[in-house]
Structures are given as structure tokens and as C-alpha cells.
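> Below: sequence and its predicted model.
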Amino acid sequence: MRTFLYFLLFMFLAGVITILAAILGDEGAWYFAWLIGTAMLVLVSAAGGALLDAQEASAAAAGREQS
Amino acid sequence: MINGTVVDLSRVQFAATALYHFLFVPLTLGLSFLLAAMETVYVTTGKPIYKQMAQFWGKLFMINFALGVATGLTMEFQFGTNWSFYSSFVGDIFGAPLAIEGLMAFFMESTFVGLMVFGWERLSKGQHLAATWLVAFGSNLSALWILVANGFMQDPVGATFDPFTMRMQLTSFQKLIFSPDVQSKFVHTSIAGYVTAAVFVTGVSAFYLLRKRHVPLAKRSLRMAALFGVLATIGVITLGDALGFVAARVQPTKLAAMEGLWKAQAAPMPFNLIAFPSQTEQKNDGVVQVPDLLSLLVTHSLDRTVLGVDALERQARRRIEQGIPAVQALRVLARDPTNAAALAKFTAHRRDLGYGFLLQRYAPDLSQATPAQVRAAARDTIPPVAAVFWSFRVMVGLGLLMLAFFVLAALYSLHNTVQNKRWFLKVAVWMIPVPFLANECGWLVAELGRQPWTVFDVLPTWMSASTHSVAYMVFSLIGFLGLYSIFIVIELYLLVRAIRLGPAEPGGAGEGRTVPAAAHGGKAEG
Ligand code: HEM
């Protein structure tokens, strides 16, 4: 049930974004670029953090193997 | 007529309060999204270090947010107190965005800020994350509306002057919010905030790395801020280019000032890298040029040109002459709104009404205006070139510097060696003031470059102010400067104290030593 509710929420968001893109695409291309760009910035930076965790974990594992 | 000193003092007061206010705003705009990024990692990976990061940077965000709101509120009251003619002239258009901005700031942003700060123990992880994202969107969307209002002052589309109500009236809300100037201004300003926050987080993290304190938090914060910063700086430069391109079309006098372009040049025009413009002699000294670059930058081609100050002044003289009958007809309509001849005359010259107003400063009785007075008014249409020229170059120069800085920060961080580059960490701490300076220069370009107008081509600044006494303005200026300086001191004191104190360490872990990431990779909490 919980997953279904999340599914509905995300479908709703996807719908809103599609409609927004259609409206903004014509007249508000920079606004649209801002929305997409901001999401991308946040995700790239979040991925960077997670990547550092992975780098440090593998460095720690390599250190354990050597010792 | 309003005393010129009162107008100047009103300008100084508004400029000072706006510049103070904009020391707080960009950090709020950008840090909110960095917080969203940190908390997103926390919610998706469950690693407590990201919660600690979100809470620590969230505390700095709150200090900045509270003082930003305080400085913003008092600033906006000036529209009514010191710029009453302006407010009544464009209130129909200006009022709506300003009200929406207030509503967004107080209802959306502040409500969710409350949830974000006090909700850690009360909301589920998902709900808290949603609150943080809504704070980020709320603060940027509230900025959108004040920038819609400012964009209208730069390029007044979607409105028309009504000679019967004697004020501007909105004709198209859609045109207002989708104007190219408003759009590129919003995105440029919002992303300038991202850049500011990224430099701030990188600098503070570098400070911790230099002192070997809170190392896991600092390394992760620096990594996230560096990647955020690289992309944001690319964005701010792209949008800066878009703004210049828009200015070339809608505010040619601002563009000429930004580029120190006194006379038209053949295409492809060279770019004045360095120059010392003289407003009185209308020429540049000590010029260093880059061939062809100006045409490329402002027309995105090699075979087009833009007008120089000389041609723009000639244009202004013609428009002032056309504006005289518009103002005269308006005066008749003010006495007798049914006068059809006056209405016809006004309609024929309405496009140049603002230019007629400009001349009134020199010739209160327009029928007696002399060619010398017309020339003086036409000269006024050129903004203070040296100030705009140099503010623009400082902003762009600092933008390029920050791009180089972030590329290096990202490289070192991706190699996971940034903690060993002490010289770079020291530079990173010293970089903290740089984006703040770039932001202030940006506003100087935008607002000084718009002079002599409050609403470009429509309403001159000299007419827009309230009729106060000089003594009143001096008193209020000193009061504002004193109050805002206290705000800055409080902000700096609280921020420095919170940074020195550092993040709350659960059980003191991580303080003064490097804790491997794996140590934080425990089970999901929250
Ligand atoms: C590097 C290339 C850049 C270019 C070409 C550029 C261009 C411009 C232009 C043309 C304006 C005037 C807009 C107007 O007249 O309304 C402006 C304003 C502004 N700029 Fe920049 N800019 C650049 C970088 C930056 C950076 C790095 C920052 C701050 C981090 C910044 C912050 C601002 C701000 C706050 C404003 C005033 C608000 C606005 O009008 O958008 N700019 N910029």
C-alpha cells in the first residue's frame, strides 16, 4: 500500500513536471533551464558525496588487505 | 520640484540598504539547495554524517536567514516612505509581485524553515527532506518575485501608462513574468546565490581541514560544494552572457556604459579589457583591447554592432523633443480629461513621455526649453560609465576566478587529496568574500546602469522620490546605516562563533581526527 501511495505521488509529480515543461518550454525556456539545472546540480553534488564514501571505503578495505 | 539632494540621499539610502541586504540573500538562496543535497544523501544512504552535515550547515543557514529577512523588510518599506511617487506610478504592477514575494517568504519559506529546524525529531525522514526541499524552492521562488519587479524596472513590458489615472497599468501578467530580462535576471541571480554558498561551504570546510577538525564532515562538504560550485559557476557565466545579450536590445545605454563604448565601431567590435573612461570628455584612457570579442559577446556574431554613447545621445535628443508634446498634453488631460485633441496629441507621443519628464528637470516650463537644456537632459540618459564599466569587469573577473577555483577544488577533491593541499585550503578560506563582492558589483551594474531611470525609458529617478526635507533624509540615512551595520556585525559574530564551535559531534566522534567513511556507514537512522 505504502509503495502504491509513493507510486501515485511520483506519478503526480511526473505529470506536473511534464505539464510545466510544456508550458515553460514555449515562453519560459530559462525558467525551465533553472528547474532542470538546479535538480542536476543537487544530484551531481549528492552523487559526489556518495562517491567519496565509496572511495574512502575502498581505500580502507585496501589498507586492511595490505596489513 | 523635489530637492536634488533629497533624491540623491534617497538613492544612497536605498543603494546602501540593498547592498547590505544582498550580503545575506545569496547565501540563503544557495545554501538551501546544498542542504537539500546533503539531506537527500542522508535519506537515501542513511549515513548519520550527512545528517550531521545538514544540521550544521542548517544552523549557519538559519543565522543568515533570520538576519536576511530583517534587512529585507526594512528595505522594502522605503518604497512607500522615500519613493512614494514611484510607488503610486507603478504600484499596480509592482504591488502584485511584491505581495507574492512577501507571501512566499513568510508563508511558504518561513513555515518550512520552522519545520526544517525544529522538525528533526518530530518528522519522519521523508517529511523532513520534503520540508528542506520546500525551503529551498520557497526561498528561490520568493526571490523570483522581487526580481520580476526589478526586471520590470529594467524592461517595462506588460504594462502601459494610463493618462486618466496618471499611472502605469498592467496589461499582461504573462508578458511581465516571461520577459527575457526577468527570466535571465532570475536565473543569473539565483545561481549567483548557488555560487556564493558553494564558495562559503568550500571555504569553511577548508578551514576545518587546515585545522584537522571535523575532517569527515569537511571532506564531504567540500566535495559536494565543489561539484555544485563548478556547475553553478558555468551557469552564472552562461546567464551573465544572456543578460548582456538582452541588455544590448532593451537597455543600450547600460550596455554602452558596461563596455565603455563612446563611439560606434565597425564590426567586429573590439572588447575593452581595461580602460579608464572619462564621462566629461567622453573618451577612454589607457585602453587595452581584445580584437573582435565585443561583437561576439553582445551580438553573438562577428558582423553586427551596437550603438555607442554618441549615437544614443542623438537618439535621446530626438525622443526628448517628441516627449515635450506628450507631457504638455498630459497636463491638459489632468485638468480636462474630456479634451479629445489633448488625448490625440498624447497618444501620438506617448512612447516618449519619459523623455519629456527628463527635460522637466532642466525646463519646468517645457514650452520655453532651450536646445542647451535638451542637450543636458540627453546627456543625463548616459549612466555613470566608469562605475558601471569597472563593476562589470570586477564581477566577470571574479566569476572567472571562481570557475578556476572550483575546477581545481573538484579535481583535488575527486582525487581525495584536497586535505593535503594546504596552499589550496588557505586560498579557499580567503575566497569566502569573493562571491559576495561579485554579487554587490552585479547589482551596481544593474542599478547604476539603469540610471537616470527608475523605470527604464518611462520614469526618471529625479521624479520618483518623496518630498522629504534634507534633514529628515540625513537622519534616516544615518539610522539605516547604523542599524544595518549592527546586523552585519551580529551576523559575522554569530557565524564565526558557530563555525568555531563546529558541528555537534554525537559522542565527540570525529573531533580532531580522521574517521574513515566506513565508520559512518552504519545502519539507517531517523
Ligand atoms: C562571469 C560572467 C558574468 C557575466 C557576463 C555577468 C553579467 C551580468 C550582467 C550583464 C548583469 C546586469 C543585469 C542587468 O542589467 O539587469 C549582471 C548582474 C548581476 N550579476 Fe553578473 N555576470 C557574471 C558573473 C557573475 C557572478 C560570478 C556573480 C556572483 C557570484 C554575479 C552576480 C550578479 C548579480 C547579483 C547581479 C544583479 C542582479 C541581476 O541583474 O541579475 N554575476 N551580471
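The structure has been received and is ready for your questions. Since the structure is predicted, the reported quantities are computational estimates derived from the model, not experimental observations.

> element containing the most centrally placed residue in chain A?
Compute the mean C-alpha point of chain A, and by Cα atoms, centre = their mean the closest residue is residue A:43, 4.0 Å away. Per DSSP states H and E, residue A:43 falls inside helix A:29-66.

> With residue B:388 instead?
helix B:385-414.

> Now do that helix: which elements does it pack against?
Under the contact definition 3 or more Cβ pairs under 8 Å, 6 or more residues apart in numbering or on different chains; DSSP states H and E, helix B:385-414 sits against helix A:29-66, helix B:180-210, helix B:215-250, helix B:252-259, strand B:271-278, helix B:422-430, helix B:433-448. For the C-beta atoms, the positions are set from N, CA and C on the backbone; glycine is no exception.

> Could you tell me the least trusted of these?
Mean pLDDT is lowest for helix A:29-66 among the helices and strands packed on helix B:385-414, at a mean of 90.

> gap between it and the chain center?
The chain centre lies 10 Å from the centre of helix A:29-66; the measure is Cα atoms, centre = their mean, to the nearest Å.

> picking up where we left off before, got the angle for the helix holding residue A:43 vs helix B:180-210?
Between the axes of helix A:29-66 and helix B:180-210, defined by axes from the mean of the first three to the mean of the last three Cα atoms, to 10 degrees, the angle is 20 degrees.

> re earlier: could I get the contacting residues of the residue nearest to the centre of chain A?
Applying Cβ atoms under 8 Å, 6 or more residues apart in numbering or on different chains, we find residue A:43 in contact with B:37, B:40.

> Leaving aside the residues adjacent along the chain, what's closest to the residue in chain A that the ligand sits nearest to?
Distance from the ligand to each residue of chain A (Cβ to the nearest ligand atom) is smallest for residue A:30, at 11.7 Å. Using Cβ to Cβ, 6 or more residues apart in numbering or on different chains and skipping the chain neighbours, the partner closest in space to residue A:30 is residue B:183 (3.8 Å).

> quick revisit: right, and the residue of chain A closest to the ligand touches residue B:185 too?
No. Between residue A:30 and residue B:185 there is no contact under Cβ atoms under 8 Å: 9.3 Å.

> Look at these two and report which has more neighbours.
Under the criterion of other Cβ atoms under 10 Å in any protein chain shown, the comparison of residue A:30 against residue B:185 puts residue B:185 first, with 25 against 22.

> how close does the more buried one get to residue B:459?
19 Å (Cβ to Cβ, to the nearest Å).

> same thing with residue B:453?
Taking Cβ to Cβ, one finds residue B:453 at 6 Å from residue B:459.

> shared neighbours of the two, anything?
Contacts common to residue B:453 and residue B:459, judged by Cβ under 8 Å, 6+ apart, are residue B:354.

> before we move on, the earlier item: which positions within the helix holding residue A:43 qualify as buried?
Buried residues in helix A:29-66, counted by 16 or more other Cβ atoms under 10 Å in any protein chain shown: A:30-35, A:37-38, A:41-42, A:45-46, A:48-50, A:52-53, A:55-57.

> Same check on stretch B:16-33?
For stretch B:16-33, by 16+ other Cβ under 10 Å, it's B:16-18, B:20-33.

> From those, list the ones also adjacent to chain A.
Among the buried residues of stretch B:16-33, the ones lying near chain A by Cβ under 8 Å from any Cβ of the partner chain are residue B:33.

> Please flag which of the buried residues of stretch B:16-33 sit within helices.
Of the buried residues of stretch B:16-33, the ones assigned to helices by DSSP state H are B:16-18, B:20-33.

> Run a quick neighbour tally on residue B:364.
Close neighbours of residue B:364, defined as other Cβ under 10 Å, add up to 10.

> ok, for it, nearest residue in space, not its chain neighbours?
In space, residue B:364 is closest to residue B:1, 6.5 Å off (Cβ to Cβ, 6+ apart).

> Next, work out how far apart residue B:451 and residue B:110 are.
On the measure of Cβ to Cβ, residue B:451 and residue B:110 end up 34 Å apart.

> Write out the residues of the stretch 351-500 of chain B neighbouring the ligand.
When proximity is defined by Cβ under 6 Å from any ligand atom, the stretch 351-500 of chain B lies next to the ligand at B:395-396, B:398-400, B:402, B:435, B:438-439, B:442-443, B:445-446, B:449.

> Return the member of these nearest to residue B:238.
Nearest to residue B:238 out of those is residue B:399 (Cβ to Cβ; 10.7 Å).

> Looks like that closest one contacts residue B:233 (just checking).
Yes. Counting by Cβ under 8 Å, residue B:233 is a contact partner of residue B:399 at 6.6 Å.

> what residues are shared contacts of these two?
Shared contacts of residue B:399 and residue B:233, counting by Cβ under 8 Å, 6+ apart, come down to residue B:195.

> So these two - more neighbours on which side?
residue B:233 (26 against 20).

> List the contacts of the closest residue to that one other than its chain neighbours.
Of all residues not flanking residue B:233 in the chain, residue B:403 sits nearest, at 4.5 Å (Cβ to Cβ, 6+ apart). The contact partners of residue B:403, taken as Cβ under 8 Å, 6+ apart, are B:230, B:233-234, B:237.

> looking at those, which has the most residues close by?
Result: residue B:233 is most packed of the contacts of residue B:403 (other Cβ under 10 Å), 26 neighbours.

> wait, isn't that residue in contact with residue B:402?
Yes. Between residue B:233 and residue B:402 a contact is recorded at 5.2 Å, counting by Cβ under 8 Å.

> Between these two, which contacts overlap?
By Cβ under 8 Å, 6+ apart, the residues touching both residue B:233 and residue B:402 are residue B:195.

> tell me, how many neighbours does the residue in the stretch 401-526 of chain B that the ligand sits nearest to end up with?
Nearest residue of the stretch 401-526 of chain B to the ligand, counting by Cβ to the nearest ligand atom: residue B:442, 2.3 Å away. Applying other Cβ under 10 Å, we find 26 residues neighbouring residue B:442.

> Touching, it and residue B:192? I think so.
Yes. Counting by Cβ under 8 Å, residue B:442 does reach residue B:192; the two are 6.5 Å apart.

> Let me see the contact set for the residue of the stretch 201-350 of chain B found nearest the ligand.
Sorted by distance to the ligand under Cβ to the nearest ligand atom, the residues of the stretch 201-350 of chain B start with residue B:240, at 2.2 Å. The contact partners of residue B:240, by Cβ under 8 Å, 6+ apart, come to B:188, B:395-396, B:399.

> follow-up on the earlier one: what's the closest of the helices and strands packed on helix B:385-414 to residue B:124?
helix A:29-66 (19.5 Å).

> Fine by me, thanks again.
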